[in-house]
Each structure stands twice: as structure tokens, then as C-alpha cells.
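Asks: show me the folded form of this:
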Amino acid sequence: MALPTFHATTILAVRRDGKYAIGGDGQVSVGDTVMKSGAVKVRALKGGKVLAGFAGAAADALTLFEKFEEKLERHPGNLARASVELAKEWRSDRALRRLEALLIVIDRDNAFMLSGNGELIEPDDGILAIGSGGSYALAAARALARETSLPPAEIVKRAMAIAGEICVYTNTQITIVEPTS
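Replies: Numbers count the residues shown, from 1 in each chain. Down below sits the predicted model:
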């Protein structure tokens, strides 16, 4: 018997005018059952200067957070280099290659989505989203960014609420993380 599919996340990151924020919903679903409503899938790294969020298997994502923190230690202040190094290792390492998760990482100057296929995507507009409700959150955030002067955290909050109203695998128990000063 096949295990049910986990639908675990919507993560949204927004960067604009030197400010940035990341948010994630709290729902974890297995098949058509909500298993948890208050999961936290976003966090601050490097003393609060780098923000990260994951979609996918939690244990895999925690492993990737650790690997990414190692890359940040090796390349301090260089999110782009740390991201490239993680993407290369993730794709080439036999054990890491099997991890089923996506990461979004963001700082004042950069935002990237990383995958185990070696994908490293930097958005044109500073907005990235992943997970089950990612496309809904992305569309809402882009509209809010184009039509308002809201700060990133408020865009994340409103766009995630919209995604939570549309996507059955996304709830409105949202955790938002901003950089620490």
C-alpha cells in the first residue's frame, strides 16, 4: 500500500526597497486529513539577517537547513555563493539528492529558491513562493506589490491569507519572520 501524499506548505518571500520578509502557513496534511495546524516552516538564520522557509518533508528540510547554515558559515555575508554551493552539493551528493523539499532563502539583497535538481532560481521581482498554495500566494503578492506601497511583511500576511482562502492544503495560521536589526 502506498503512503498518502503529504501536502505540507505554502511559503512566500517578498523583498522590496531593501526590506524583506518570509511567511509560511501552519497546515500539514496527509491525504485529505489535516494532521497539524500550527507547524512552523520559516526561520531566521545568521543572527536574523537571512530568512529561510521550506516546503516538503520536514526531516529533509531540517537537514537542508543545517547544510545551508554550513554554507553560510563558509561564505559569510554572501547568500548567492552559499546558495550556489548548497544547490551543487544537493544535486551531486547521493544522500542529499533523495531529500524531498524545496527551500526559499532571502536577505536584504537576494532571494533564491533551491531544489534538489540543482535549480537555483532568483526572481525578477523579489517575490518567491513554493508549496501547495505557492501559485496563489505568488499571484496575490505580485498584485499587492504592483498596486500598493505595503511593506514586505504586510504583503506576505495578506497574500498568505488569500492563499489560505483558496488552497485546501493551506491554512491561515501564518508565521511571518522579518530580519532582526
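
Asks: what ranges do the helices span in this protein?
Replies: 58-74, 79-92, 134-147, 152-166 (DSSP state H).

Asks: low-confidence ranges, the chain, go.
Replies: For the chain, the stretches with pLDDT under 70 are 1-8, 95-97, 181.

Asks: cutoff 50 now
Replies: Within the chain, the segments meeting pLDDT under 50 span 1-6.

Asks: ok, residue 12 - contacts?
Replies: 22-24, 127-129, 134, 137-138, 141, 156, 159-160, 163 (Cβ atoms under 8 Å, 6 or more residues apart in numbering). C-betas here are computed from N, CA, C, even on glycine.

Asks: looking at those residues, spot the one nearest residue 98.
Replies: The shortest gap between residue 98 and any of the contacts of residue 12 belongs to residue 134, at 22.3 Å (Cβ to Cβ).

Asks: what's the local residue count around the nearest residue to residue 114 once chain neighbours are set aside?
Replies: In this structure, residue 114 finds its nearest non-sequential neighbour in residue 103, 4.6 Å apart by Cβ to Cβ, 6 or more residues apart in numbering. Residues within reach of residue 103, counting by other Cβ atoms under 10 Å, total 25.

Asks: for the one 3 residues further on, same thing?
Replies: Residue 106: 27 surrounding residues under other Cβ under 10 Å.

Asks: how many residues are close by the residue lying closest to it once chain neighbours are set aside?
Replies: In this structure, residue 106 finds its nearest non-sequential neighbour in residue 13, 4.5 Å apart by Cβ to Cβ, 6+ apart. Look at residue 13: counted by other Cβ under 10 Å, it has 30 neighbours.

Asks: begin at 343 from now on, thanks
Replies: Let's use 343 as the start, then, which means that last one is residue 355.

Asks: still on that earlier bit, quick check: the farthest pair among the contacts of residue 354?
Replies: The distance between the two most remote of the contacts of residue 354 (Cβ to Cβ) is 14.7 Å, for 366 and 469.

Asks: who has more neighbours, the two?
Replies: The neighbour count for residue 366 versus residue 469, taken as other Cβ under 10 Å, is higher for residue 366 (31 against 25).

Asks: returning to what we had before: deepest-packed of the helices of the chain, please.
Replies: helix 494-508 (a mean of 22; mean count of other Cβ atoms under 10 Å).

Asks: can you show me the CA trace of that one as CSV?
Replies: Extracted as CSV, the C-alpha positions of helix 494-508 are listed here (Å, rounded to 0.1, in the frame of the first residue of the first chain):
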residue,chain,number,x,y,z
PRO,A,494,7.1,43.2,2.6
ALA,A,495,5.7,41.7,5.9
GLU,A,496,2.2,43.1,5.2
ILE,A,497,2.3,41.8,1.6
VAL,A,498,3.3,38.4,2.9
LYS,A,499,0.5,38.5,5.5
ARG,A,500,-2.3,39.5,3.1
ALA,A,501,-1.1,37.2,0.2
MET,A,502,-0.8,34.2,2.5
ALA,A,503,-4.3,34.9,3.8
ILE,A,504,-5.6,34.9,0.3
ALA,A,505,-3.8,31.6,-0.5
GLY,A,506,-5.3,30.2,2.7
GLU,A,507,-8.8,31.0,1.5
ILE,A,508,-8.3,29.3,-1.9
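
Asks: alright, calling it a day.
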